[in-house]
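Student: predicted model follows, preceded by the sequence.
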Amino acid sequence: MDPLSIAGSIAGLVSLTLSVGAGLDSIISTYRGSNSDAVKLSLELACLCQCIKIIEKSMPGLANRKFPDTPEFHSFRLCIETLSEIHLLVPGAKDRKTRVAQNGQPATDNKNDSTSGVSSWEKWKWIRNKPKVQDLMERVTNHKTTMILYLAGEQLKLLEDRLQTFGLAMLEENQKVLKSLDVWKHDTVLKDMSHYFSPANTHPQIRLETAVKLRHLDTGLWFIDTPSYKKWSTGTSPKRNSWVWGMAGAGKTVLASLAITAELQRASGNQDRGVAYFFCDYKTSDTLNIKVIIGSLLFQYLQGEMRLRRK
């Protein structure tokens, strides 16, 4: 069968290379007079075969398809021509079973090749022709180098695609980092402002948490269920203020903490509703300072605005 028709695809090229290599090895092992370049040629053929196998794995879509008639595959067609030439010079599968005589020449029983009319010895003695072997080895080596370069080009394309994907991932990651830095910057600014507007001894959140812990479970609910409180909470009351008075220790702070907690729950997830609060304590003079009170309320408003913008 014409080797050119067999090797029209990458899979066929692999088969042709293996066949040529096996035939050459058969000659080398049969004829003691083979020169060292023939062994090198065999090694180059093995390396070439490995390169083609790697290409076959990297291009599964072309494994059993004919090579496209494009400049990109011109080197493959040249490789096929060289291998086909060697294929005509080496024994086929049947000839590889030839017995070896004592003098190192194949025992052909003086039979001629049925197709060429010459003995196998006459047909394969080119293996001792050093210039011929060197020429074939040089061509096979060039094909191997071309295949290596082709593989390198394919790997570079793959690397370029991966780098592009990696670059997009890095860009997305950088955006996340910038967002995190922006959040950190806002949090740092809020923390610094909190220390300025709400000193530790006046911080409303700390006082709220303390008051919440003092309240017993299910106590004070009557206060937030009163009609006057509900009207004030919904903004339907004509009065802008809700005034609760009582003697010291009567539980005004605890009731206030219950009301504040209820309002914070209502404002949660509602961008149109905000809550700011402050606890005045006659035992702590700083909580009676008008600048501290207004500063704390303004800071809570600003804190809410920054959280909304972050979302």
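Tutor: Structure received.
Student: average pLDDT for the strand or helix carrying Lys230?
Tutor: Lys230 is part of helix 227-234, with elements assigned from DSSP states H and E. What helix 227-234 shows for mean pLDDT is 88.
Student: next one: stretch 11-24
Tutor: 86.
Student: could you do stretch 85-104 as well?
Tutor: Averaging pLDDT residue by residue across stretch 85-104 gives 58.
Student: one step back: mind giving me the packing neighbours of the helix holding Lys230?
Tutor: Taking 3 or more C-beta pairs under 8 Å, 6 or more residues apart in numbering; DSSP states H and E as the contact definition, the neighbouring helices and strands of helix 227-234 are helix 221-224, helix 252-267. To be clear about C-beta, it is placed using only N, CA and C from the backbone, and glycine gets the same treatment.
Student: helices along the stretch 1-150 of the chain, start to end?
Tutor: 3-6, 10-30, 36-58, 74-87, 120-124, 130-197 (DSSP state H, counting those that start in this stretch).
Student: can you tell me the SS state at Trp245?
Tutor: coil (DSSP: H, G, I helix; E, B strand; the rest coil).
Student: what about it, neighbour count?
Tutor: By the criterion of other C-beta atoms under 10 Å, Trp245 has 6 neighbours.
Student: ok, how many other residues are close to the nearest residue to it once chain neighbours are set aside?
Tutor: Across the structure, with C-beta to C-beta, 6 or more residues apart in numbering as the measure, the residue nearest Trp245 apart from its sequence neighbours is Lys252 (7.5 Å). Number of residues near Lys252 (other C-beta under 10 Å) recorded here: 14.
Student: would you agree Lys252 is in contact with Trp243?
Tutor: No - Lys252 is beyond contact range of Trp243, at 10.6 Å (criterion: C-beta atoms under 8 Å).
Student: tell me the angle the helix holding Lys230 makes with helix 252-267.
Tutor: Interaxial angle of helix 227-234 relative to helix 252-267 (axes from the mean of the first three to the mean of the last three C-alpha atoms, to 10 degrees): 50 degrees.
Student: show me what counts as buried in helix 227-234.
Tutor: Residues of helix 227-234 classed as buried by neighbour count (16 or more other C-beta atoms under 10 Å): Tyr229, Trp232.
Student: neighbouring contacts of it?
Tutor: Phe223, Ile224, Ser237, Lys239, Asn241, Ser242, Ala259, Ala262, Glu263, Arg266 (C-beta atoms under 8 Å, 6 or more residues apart in numbering).
Student: show me the shaky parts of the protein.
Tutor: 1-8, 31-35, 61-65, 68, 72, 92-122, 181, 183-187, 189-201, 306-311 (pLDDT under 70).
Student: can we see that at 50?
Tutor: Across the chain, residues meeting the criterion (pLDDT under 50) sit at 1-6, 93-94, 96-117.
Student: how close does Trp245 sit to Leu255?
Tutor: 11 Å (C-beta to C-beta, to the nearest Å).
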